[in-house]
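Enquirer: model the following, please.
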Amino acid sequence: MKLFPYRRIVVVGTTSSGKSTLAEQLAKKLGLDFIELDALYWEPNWQGANVEVFRKRVETATSGQRGKSEDSSGWVVAGNYRKVRDLIWPKAQVVIWLDYPFFIVFWRMLTRTIRRAVTREELWNGNREAFWVHLKLWSEDSLFNWLFKTYWRRKRETPTLLNLPEHRHLKLIHFKHPREAEKWMLSFSDPRGDLS
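Expert: Next up is the predicted model:
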């Protein structure tokens with residue numbers, strides 16, 4: 001198994017591409033903090049946090065003050081929020097881009113939304129998804145509406161962002177199918193050598 005030397009990692013991709021799942025698994029495997037931007041942004045009743053509050057939370061989370069142990073010196077961030085990109089990307093070493101086909105992302109969103117609606121799974125700060133809201137494709141509250149609005153935009157924007165001078169220090173790991181990400185996750189070990 002190969003070593004993975006990076007300790008500050010950002011996972012990006014369109015909604016329902018699996019950013020949080022991969023980021024959480026990676027953080028656990030490497031012994032790093034897992035930072036989910038949705039959890040820092042969403043207040044109760046699906047109210048978005050004030051920009052200043054959100055930025056302060058992200059700054060604190062990525063400053064190393066949240067470490068679970070003394071040797072926890074890094075993090076894996078899941079999310080695309082442009083409001084805080086300038087706080088995260090300059091500190092990051094790697095961007096993992098989940099750039100999956102539309103039909104895969106759409107299917108994942110559909111099944112995840114149904115599951116969450118049926119199980120009444122609590123997400124962040126007591127929020128739960130209501131399936132019928134998402135079926136209103138014309139509504140700004142619908143995740144399907146959001147997917148259609150952002151899927152192709154992210155495919156265009158991500159390479160442009162990575163080519164900016166301020167982001168040229170970032171290594172890109174680009175996955176075009178979930179199988180690639182799964183295979184990759186099995187291919188490396190933690191640099192501390194304490195993983196099974």
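Enquirer: center of this protein - which residue?
Expert: residue 78 (2.1 Å; C-alpha atoms, centre = their mean).
Enquirer: need the longest helix for this structure.
Expert: The single longest helix within the chain, with elements called by DSSP state H, is helix 143-162.
Enquirer: average model confidence for that one?
Expert: In this model, helix 143-162 has a mean pLDDT of 87.
Enquirer: so which elements touch it?
Expert: strand 8-13, helix 102-119, helix 131-135 (3 or more C-beta pairs under 8 Å, 6 or more residues apart in numbering; DSSP states H and E). Placement of C-beta: from N, CA and C, glycine included.
Enquirer: any idea which of those is most buried?
Expert: Across the helices and strands packed on helix 143-162, the average number of neighbours (mean count of other C-beta atoms under 10 Å) peaks for strand 8-13, which reaches a mean of 24.
Enquirer: please identify the buried residues of the longest helix of the chain?
Expert: If you call a residue buried by 16 or more other C-beta atoms under 10 Å, then helix 143-162 has these buried ones: 143, 144, 146, 147, 151, 154, 158, 161, 162.
Enquirer: angle of it against strand 8-13?
Expert: Angle of helix 143-162 versus strand 8-13, following axes from the mean of the first three to the mean of the last three C-alpha atoms, to 10 degrees, is 130 degrees.
Enquirer: ok so, going back, the residue nearest to the centre of the chain: what's it in contact with?
Expert: Counting by C-beta atoms under 8 Å, 6 or more residues apart in numbering, residue 78 makes contact with 11, 19, 20, 22, 23, 24, 34, 35, 36, 37, 38.
Enquirer: try it again with 7 Å
Expert: Taking C-beta atoms under 7 Å, 6 or more residues apart in numbering, we find residue 78 in contact with 11, 19, 20, 23, 36, 37.
Enquirer: any chance of those residues in JSON lines, plus secondary structure?
Expert: Listed next are the contacts of residue 78 as JSON lines, based on DSSP: H, G, I helix; E, B strand; the rest coil:
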{"residue": "11", "secondary structure": "strand"}
{"residue": "19", "secondary structure": "helix"}
{"residue": "20", "secondary structure": "helix"}
{"residue": "23", "secondary structure": "helix"}
{"residue": "36", "secondary structure": "strand"}
{"residue": "37", "secondary structure": "helix"}
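Enquirer: export only the CA atoms of stretch 96-104, formatted as PDB.
Expert: Taking C-alpha atoms only, stretch 96-104 is exported to PDB below (Å, rounded to 0.1, in the frame of the first residue of the first chain):
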ATOM      1  CA  ILE A  96     -10.400  15.600  -4.500                       C
ATOM      2  CA  TRP A  97     -13.000  16.300  -7.200                       C
ATOM      3  CA  LEU A  98     -15.900  13.800  -7.500                       C
ATOM      4  CA  ASP A  99     -16.800  14.500 -11.100                       C
ATOM      5  CA  TYR A 100     -19.400  11.700 -11.700                       C
ATOM      6  CA  PRO A 101     -21.800  11.200 -14.600                       C
ATOM      7  CA  PHE A 102     -25.200  13.000 -14.200                       C
ATOM      8  CA  PHE A 103     -27.300   9.800 -14.100                       C
ATOM      9  CA  ILE A 104     -25.200   8.400 -11.200                       C
END
